[in-house]
Structures are given as C-alpha cells and as structure tokens.
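Engineer: Output the structure for:
(2 chains)
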Amino acid sequence: MNLTITGLQRRLITLVAVVLLMATAPFVQAGDADAGKQKAYTCLGCHGVLHYVNTYPTYHVPKLGGQHKEYLIAALKAYRSKTRAHGTMQANADLLTDEDIEDIAEYFASQGDK
Amino acid sequence: MTMPKMTKVALFAVSILVSGIAFAGGDAEAGKAASATCAACHGADGNSTIPTNPKLAGQYESYLLQALKAYKSGERQNAIMSGFASALTEQQMADLAAYFSSQESTLQTVLER
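Structural biologist: Model (predicted):
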C-alpha cells in the first residue's frame, strides 16, 4: 500500500478541513445562553446585585442584562488582553476561553427587560 | 478670629459644599442638548441599535460618568470615544451621564436566582 500523499490528495484533505471548519464555525460563534448562565455565576457576585458599587473610584457596577452581545464580547476580550483597565475584571476574564466569553455574552444579552 | 472673618470662612465652606453637590448631580436637560453627537452611534435616547456599541439608556449614571472620564484620561482606549471625550468638560460629562441614565431602557440587573 502506498502511504505517500499525492498533491491531489493533499488538496482534497485541505478542502474537507476548510469545509468542516466553515460548517462548525456558526455553532461555535453563536454562544450558548444556558451554558452562559452557569458560567456567569461569578459575574453575578457584583453585576447581579442592584446598585452594587465599585470602590476607588466609586461608581455603580454596570447593568449587563439586555446589553448588546457583541459589545459584551468586545469588553471581556479587552479585559482579558489587559487593554481595558480593571483589576478584578482582568483577573476574571483571564480565566475565560473565547467560547466562555461567547456563552456569557449570549446569556446577559438575552436577559433584557423587554 | 473676628466675626467677619469667621463669616467669610463659613461662606467659603458653604460655597464649596454647594458647588460640589451641584456638580455631582449632572443636568439631564443640558445633557440632552449635548447628546446630539452621541446619537449617531448610541441612538438618540441611548438605546443603541448597533451591536458593537453599548446601550447607554438606563445605565447607572455613575458608571457612564466613569466611562467618559476613563476615555478622556486615556485609561480606557477607543479611538472614537477618546476623541469625543477629550473635548468634554467634567460638567458636560456629568450632564450626559444624567441624560442617558434617565432614559427608558431594556437594560436591567440580572439577579442571582
């Protein structure tokens, strides 16, 4: 049996891989609100308390329910990459994968006051 | 200390207190007038329809003020927001925060259940 891969076979393998990636990408990116609810447990320690206040400087921790998912994703990724300042948020975001971030964002976005 | 001098000191202290209170408030009407620039991206009443731009309507006033201050100082980086915020005075920022926080909104605190 010839185990070497010909140029045509290599192209076929690449094509299959690309198609598979394209097919699964929408599911990965969609974000799962149910999974997000579990993963958001830590967030609610501050964001789940009415009028909860950040200290030094003092201001209210923002409401997240009903906020745009895309914005929430961008915010969490900015904290994770340390381009947005906030010690606690950076430390929490540091633990999150892209999938975690998508799920958490999906969850909060789905919790608006409609 | 003579009485007039004590009176002056008292007046000075009172004026500082009063200006502090006035500043802390923010004037929603003045904020509305200044909000035209924000409307293009965040919606006229702060209910942004552009997914990458956060909804501001009904958000906590103190958080909105903190965000504007952070954009102005450069602590929070965003090319567009830094440009706008750098042109604002502290009073204008307080007014804008008062305006957007007072608008009807779909934002809410997700409570632990």
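Engineer: tell me the pLDDT at A:Asn16?
Structural biologist: Rather than Asn, residue A:16 is Val. On the pLDDT scale, A:Val16 is placed at 78.
Engineer: mind listing the strands for chain A?
Structural biologist: A:53-54, A:59-60 (DSSP state E).
Engineer: right, so those strands: which one is the most enclosed?
Structural biologist: Mean neighbour count (mean count of other CB atoms under 10 Å in any protein chain shown) peaks for strand A:59-60 among those, with a mean of 19. Where you see a C-beta, it was placed from the backbone N, CA and C, and this is true even at glycine.
Engineer: got a list of contacts for that strand?
Structural biologist: A:His51, A:Tyr52, A:Val53, A:Asn54, B:Tyr60, B:Glu61, B:Ser62, B:Tyr63, B:Leu65, B:Gln66 (CB atoms under 8 Å, 6 or more residues apart in numbering or on different chains).
Engineer: and what of stretch B:34-41?
Structural biologist: B:44, B:46, B:48, B:50, B:53, B:56, B:80, B:84, B:92, B:95-96, B:99-100.
Engineer: neighbour-wise, which of the residues you listed leads?
Structural biologist: B:Leu96 (30 neighbours; other CB atoms under 10 Å in any protein chain shown).
Engineer: For the nearest residue to that residue once chain neighbours are set aside, the count of nearby residues, please.
Structural biologist: Leaving aside its sequence neighbours, B:Leu96 sits nearest to B:Gly31 (CB to CB, 6 or more residues apart in numbering or on different chains; 4.5 Å). Around B:Gly31 there are 24 other residues, counting by other CB under 10 Å.
Engineer: Would you mind confirming that B:Gly31 makes contact with B:Tyr99?
Structural biologist: Yes. Look at B:Gly31 against B:Tyr99 with CB atoms under 8 Å: they come within range, at 2.9 Å.
Engineer: how close does B:Lys69 sit to B:Ser48?
Structural biologist: Relative to B:Ser48, B:Lys69 is positioned 20 Å away (criterion: CB to CB, to the nearest Å).
Engineer: does A:Pro57 really touch B:Tyr63, like I thought?
Structural biologist: No. Counting by CB under 8 Å, A:Pro57 does not reach B:Tyr63; the two are 10.7 Å apart.
Engineer: hmm, stretch B:49-65 in reach of chain A?
Structural biologist: Yes. Stretch B:49-65 comes into contact with chain A (CB under 8 Å from any CB of the partner chain), by way of B:50-55, B:58-63, B:65.
Engineer: Out of the residues you listed, list just those in helices.
Structural biologist: Those of the residues of stretch B:49-65 next to chain A mapping onto helices are B:Glu61, B:Ser62, B:Tyr63, B:Leu65, per DSSP state H.
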